[in-house]
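**Q** just a sequence and a predicted model for now, questions to come.
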Amino acid sequence: MNYPIYLDYNATTPCAPEVLEEMLPWFSQHFGNAASKYHPYGWVAEEAVEKAREQIANLIGARSKEIIFTSGATEAINLAIKGIFEVYAGEKQHYITCQTEHKAILDCFEELEGKGASITYLPVQRDGSIDLDTLQSSIRPETKMIALMWANNETGFIHPISEIAQIAEEKGIIFFTDAVQAAGKIQVSVKGIHLMAISAHKFEGPKGVGALFIRHNHNLPKPIGQISGGGHEKGFRSGTLNVPGIVGMGKAAEVKQGMLESEFSRLSLLRNQLEEGLLQIPKTHLNGSQEHRLPHVTNISFEGVEGEDLLRKVCMKVAVSSGSACTSISPKPSHVLKAMGLDDYLGRASLRFSLGRQTTEQDILDSIAWVRKSIKDLRGQ
């Protein structure tokens, strides 16, 4: 197949060659179950899992015993939120999150609302930022958790995590962050954070594996496991471990840690080049802030075109998205852009461009040229 230029790295990334090479033996030669404690097949698999646990912990500044493997970020998010809700069962419970969170977060809280929890959904300003004074004033005696993403998946906006962590620490509240779009792309640290979700396929690891950081040696509670059966992962997540995927996630964490600085600079330059070229098209607008954002993401709205036509036309030669890959089947405007104040029309006529390790300058030049032509054709100019 003649694939288009790929500028949808926030949806998923290709496995790095180093990652694929590291994974292959664990499908065949080293096929043991990491829970098999009485023979070398299990010992070797368990050792590989623990090595990966250490590699992932190093990426986010954690200790290896604080990493719990899951099937991906969505499961990690469910474990974090629903697991804490169960800890406080029978108590009055309040949670604070944000209108622009990923649907995995918002859907979890909607479910908790149906079970009696009270949820505050913080509004955002035009650039996607929250007001920290509003966050402070939203805290109640029964507030159990603040759940705010590290970086937004649609605009790349980075929340002030250290300030939020300090607020949570001062109030004695659990701080959970969805760091899926940040880990492996910018420097992250678990300092002041109690729970953090990450996903391998967002930083050149395989799909189907993720992790939840759970802080140890702290007086705030840990979540209750949501999957029963065998007590794997210290009882937080039962089920046979995906050893090849975990090995791949560990290798990806190691590889990305070694190139954070260089890729940040390279992708920032390419993203800015793309952004400048696209914003020269009349009646185009940057959605979000030019500051405090991931280095590889831009989100731009195009006046005078229908959103579905725009996406179909551009994707003929440049693979992009109109929002989160998890909700891209929906014709509705992005809930993120709507919360930022865009009307439905512009929200539907917005595209997210996200760059990655394989993106070249020629890709950027070709993408600018194709989007310009697409807009011109759609506007009938």
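**A** Noted; the coordinates are in hand.
**Q** contacts and neighbour counts: CA atoms only from here.
**A** Fine.
**Q** what is the least confident helix or strand in this structure?
**A** Here the helix or strand of the chain ranked lowest by mean pLDDT, DSSP states H and E is helix 344-348, holding a mean of 93.
**Q** show me how far that one is from its chain's centre.
**A** 23 Å (C-alpha atoms, centre = their mean, to the nearest Å).
**Q** and after that helix, which helix or strand comes next?
**A** Using DSSP states H and E, the helix or strand that follows helix 344-348 in sequence is strand 350-354.
**Q** now that next one: average pLDDT?
**A** On average, the pLDDT along strand 350-354 is 98.
**Q** chain center to that strand, what's the gap?
**A** Using C-alpha atoms, centre = their mean, the offset of strand 350-354 from its chain centre is 16 Å.
**Q** hmm, who's touching that strand?
**A** Contacts with strand 350-354, where a contact means C-alpha atoms under 8 Å, 6 or more residues apart in numbering, come from 7-10, 154-155, 296-302, 307, 311, 320-323.
**Q** okay, and the beta partners of Ser199?
**A** With DSSP bridges applied, Ser199 shows beta-bridge pairing to Gly210.
**Q** burial measure for it, as a count.
**A** Residues within reach of Ser199, counting by other C-alpha atoms under 10 Å, total 31.
**Q** the one 3 residues further on too?
**A** Lys202: 25 surrounding residues under other C-alpha under 10 Å.
**Q** please list all residues in contact with it.
**A** By C-alpha under 8 Å, 6+ apart, the residues touching Lys202 are Tyr9, Asn10, Ala11, Thr12, Thr13, Val180, Gln181, Gly184.
**Q** circling back to that earlier point, among the contacts of strand 350-354, which lie within strands?
**A** Among those, the members found in strands (DSSP state E) are Val297, Thr298, Asn299, Ile300, Ser301, Phe302.
**Q** neighbour-wise, give me the winner out of these.
**A** That'd be Val297 among the ones in strands among the contacts of strand 350-354, by other C-alpha under 10 Å, with 27 neighbours.
**Q** contact partners for that residue?
**A** Contacts for Val297 (C-alpha under 8 Å, 6+ apart) come out as Glu154, Thr155, Gly156, Arg271, Arg352, Phe353, Ser354, Leu355.
**Q** mind listing what the most centrally placed residue in the chain touches?
**A** The centroid of the chain falls nearest to Val180 when counting by C-alpha atoms, centre = their mean (2.4 Å). By C-alpha under 8 Å, 6+ apart, the contact list for Val180 reads Ala73, Trp150, Ala151, Ala197, Ile198, Ser199, Lys202.
**Q** please apply the same query to Ile368.
**A** Counting by C-alpha under 8 Å, 6+ apart, Ile368 makes contact with Leu274, Gly277, Leu278.
**Q** would CSV of the residues you listed with pLDDT be doable?
**A** Below are the contacts of Ile368 laid out as CSV (pLDDT from 0 to 100):
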residue, pLDDT
Leu274, 98
Gly277, 98
Leu278, 98
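**Q** can you tell me which of those are in strands?
**A** Using DSSP E, no member of the contacts of Ile368 falls within strands.
**Q** in CSV, list those along with distance to Val243.
**A** Putting these into CSV (distance: C-alpha to C-alpha, whole Å) gives the following:
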residue, distance to Val243
Leu274, 39
Gly277, 44
Leu278, 43
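**Q** among those, which ones are buried?
**A** Among those, the ones that count as buried by 16 or more other C-alpha atoms under 10 Å are Leu274, Gly277, Leu278.
**Q** separation between the closest residue to the last one other than its chain neighbours and Met316?
**A** Read it as Leu278. Counting by C-alpha to C-alpha, 6 or more residues apart in numbering, Leu278 lies nearest to Ile368, which is 6.1 Å off, once chain neighbours are set aside. Plainly put, Ile368 is 14 Å away from Met316 if you go by C-alpha to C-alpha, to the nearest Å.
**Q** ok, now His218?
**A** For His218, the distance to Met316 equals 51 Å [C-alpha to C-alpha].
**Q** between these two, which one's more packed in?
**A** Met316 (14 against 9).
**Q** what sits against that one?
**A** With contact taken as C-alpha under 8 Å, 6+ apart, Met316 is in contact with Pro4.
**Q** is it in a helix, a strand, or coil?
**A** Per DSSP: H, G, I helix; E, B strand; the rest coil, the local secondary structure of Met316 is coil.
**Q** in stretch 224-239, which residues are buried?
**A** Neighbour-count burial for stretch 224-239 flags Ile224, Gly225, Gln226, His232, Glu233, Gly235, Phe236, Arg237, Ser238, Gly239 (criterion: 16+ other C-alpha under 10 Å).
**Q** mind listing the strands for the protein?
**A** Using DSSP E, strands in the chain cover 5-6, 67-70, 94-98, 118-122, 143-147, 174-178, 195-199, 210-214, 284-286, 297-302, 318-319, 350-354.
**Q** Ala179 contacts Ile193, doesn't it?
**A** No - if you go by C-alpha atoms under 8 Å, Ala179 and Ile193 don't touch, sitting 11.0 Å apart.
**Q** among the contacts of Lys202, which are in helices?
**A** Judged by DSSP state H, the contacts of Lys202 include no members of helices.
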